[in-house]
Every structure is written in structure tokens, then in C-alpha cells.
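Engineer: Got a sequence here, can you model it:
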Amino acid sequence: MYQQLYKETIAKEHRKRQYLLLPFFFVQFSETMFSVANLKQGKRLHNQKQNFFAN
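Structural biologist: Next comes the predicted model:
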């Protein structure tokens, strides 16, 4: 009986913790996507500059 209660409490706590972590993961993910997009754009700009000077 006590063990069952203990397991349920742990499960509840775990769920709470997951919900607390969700926004954090979302922020991390969007920051990563944003920097990847910036890198790609930066590379494109760099290539354009090189082409401009090569001509």
C-alpha cells in the first residue's frame, strides 16, 4: 500500500517536472534553430561577397 502511494507520488512529481522543463526545452530548441538559420544566411552572404570580389 505504502509503496504504491510512493510510486504514484513520484510519478506525479515527475510529470510536474516535465511540464516545468518543457518551456526550457522549447527555448533551447528555438535558439538552436535560430542560430542554424543565421549560420546558413551568414554563409550565403559570405559566398556572395566572394563572388563579387572574384568578378
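Engineer: on contacts alone, who are the packing partners of whichever strand or helix holds residue 27?
Structural biologist: When elements are assigned from DSSP states H and E, residue 27 belongs to helix 2-54. Counting contacts by 3 or more CB pairs under 8 Å, 6 or more residues apart in numbering; DSSP states H and E, helix 2-54 packs against no other helix or strand. Glycine gets a C-beta too; all of them are placed from N, C-alpha and C.
Engineer: Off-centre distance for it?
Structural biologist: Remark: helix 2-54 is offset 0 Å from the chain centroid, using CA atoms, centre = their mean, to the nearest Å.
Engineer: Adjust the sequence numbering to begin at 146 for everything that follows.
Structural biologist: Sounds good: first residue 146 from here, last item helix 147-199.
Engineer: what about residue 149, how many neighbours?
Structural biologist: Using other CB atoms under 10 Å, residue 149 has 8 other residues around it.
Engineer: so where's this protein shaky on pLDDT?
Structural biologist: Where the chain drops to pLDDT under 70, the residues are 194-200.
Engineer: what about 90?
Structural biologist: 146-151, 155-156, 158-200 (pLDDT under 90).
Engineer: which residue is nearest the middle of it?
Structural biologist: Most central in the chain under CA atoms, centre = their mean is residue 174, positioned 1.6 Å from the mean C-alpha point.
Engineer: From residue 171, how far off is residue 164?
Structural biologist: 12 Å (CB to CB, to the nearest Å).
Engineer: my bad, should have said residue 183
Structural biologist: 19 Å.
Engineer: Over to residue 160?
Structural biologist: From residue 160 to residue 171 the distance is 17 Å (CB to CB).
Engineer: Likewise for residue 151?
Structural biologist: 31 Å.
Engineer: Quick one: neighbours of residue 191, just the number.
Structural biologist: By the criterion of other CB under 10 Å, residue 191 has 10 neighbours.
Engineer: got the contact list for it?
Structural biologist: Applying CB atoms under 8 Å, 6 or more residues apart in numbering to residue 191 gives no contacts.
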